[in-house]
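K.L.:
The sequence and its predicted three-dimensional model are supplied below.
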Amino acid sequence: MTSDERPNWEPWQEEYRHGAFYLFPSPEIAIVVNELRQRYDPRSAAICDVHVSLGEPLIGPLRVEQLDELRAALCAVTPFPLTMSPLTQMGSHPGVVVGLSPEEPFFALRDLVHSTSIFAGRELSRAQRSPHMTVAEFVSHDEAQGLLAEVSPWDVGGSFLCDHLVYAVPDEKFHFEPVLTLVSLN
């Protein structure tokens, strides 16, 4: 995709032009969280279905040899469950998220993916972010407080198995589409 094909992209969106790796929850969880995203933050919902960002965006197109290296690395990963916590805010950001636990296997998976040549020599600014699914990102502090007051913290819950990751790339309207699912987790 050339920059001429992205006439409406904002500057912050450019770093995502080559996509990133994500975890997507099970369909029954996605339905509930996507409905909240559409109701409380339609802008965020239009960008991508509910997901867990695994790490940094790619700085170039994913090459075949990098994909082979990643698949080989993922063979050492045992699938693990991620359990959703009640809706909350992270730090001082006004957005609302669903936290996920346990963090340790998620961090191990992210470290493994970041250890491949895909991310060699890169600053990993997202490497310490706790796993979460964003419900509302482009909202004010007051809108976030309204969402938290309106939606019972326990309306969103459950667990899903992390047994694959997805490579997704944005289209010209900055909507992320899955282009590859990696199911090489042990």
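P.N.:
Now that the structure is in, tell me what you want to look at.
K.L.:
what phi and what psi does the backbone show at the residue nearest to the spatial centre of the chain?
P.N.:
With distances taken as CA atoms, centre = their mean, the residue of the chain nearest its centroid is residue 53 (2.3 Å). Main-chain dihedrals, residue 53, degrees, to the nearest 10: phi -70, psi 130.
K.L.:
Model confidence for it, exactly?
P.N.:
The model reports residue 53 with a pLDDT of 94.
K.L.:
Secondary structure element holding the residue nearest to it when sequence neighbours are not counted?
P.N.:
Once flanking residues are discounted, residue 53 sits nearest to residue 22: 6.1 Å by CB to CB, 6 or more residues apart in numbering. In this view, the C-beta of every residue, glycine as well, is placed from N, C-alpha and C. Here residue 22 sits within strand 20-23, counting by DSSP states H and E.
K.L.:
Strand partners (parallel or antiparallel) of that strand?
P.N.:
Take DSSP bridges as the rule and strand 20-23 pairs in its sheet with strand 52-53 (antiparallel), strand 165-170 (antiparallel).
K.L.:
Wait, the residue nearest to residue 53 touches residue 49, no?
P.N.:
No: applying CB atoms under 8 Å as the test, residue 22 and residue 49 come out as separate, 9.3 Å apart.
K.L.:
where do the contact lists of these two overlap?
P.N.:
Common neighbours of residue 22 and residue 49, using CB atoms under 8 Å, 6 or more residues apart in numbering, are residue 176.
K.L.:
Distance of residue 92 relative to residue 26?
P.N.:
31 Å (CB to CB, to the nearest Å).
K.L.:
Would you mind measuring from the residue lying closest to residue 168 once chain neighbours are set aside to residue 22?
P.N.:
Nearest residue to residue 168, sequence neighbours excluded (CB to CB, 6+ apart): residue 176, at 4.3 Å. From residue 176 across to residue 22, the span is 8 Å (CB to CB).
K.L.:
Who has more neighbours out of residue 92 and residue 26?
P.N.:
residue 26 (11 against 6; other CB atoms under 10 Å).
K.L.:
Do I have it right that the more buried one meets residue 162?
P.N.:
No: look at residue 26 against residue 162 with CB under 8 Å: they stay out of range, at 10.3 Å.
K.L.:
Can you name every helix or strand that the lengthiest strand in the chain contacts?
P.N.:
Criterion DSSP state E: the longest strand present in the chain is strand 80-88. Helices and strands touching strand 80-88, by 3 or more CB pairs under 8 Å, 6 or more residues apart in numbering; DSSP states H and E, are strand 96-101, helix 103-114, helix 141-150, strand 159-162.
K.L.:
These: which one's closest to residue 37?
P.N.:
When these are compared by CB to CB, strand 96-101 sits nearest residue 37, at 9.8 Å.
K.L.:
how much does the closest one deviate in direction from helix 103-114?
P.N.:
Angle of strand 96-101 versus helix 103-114, following axes from the mean of the first three to the mean of the last three CA atoms, to 10 degrees, is 90 degrees.
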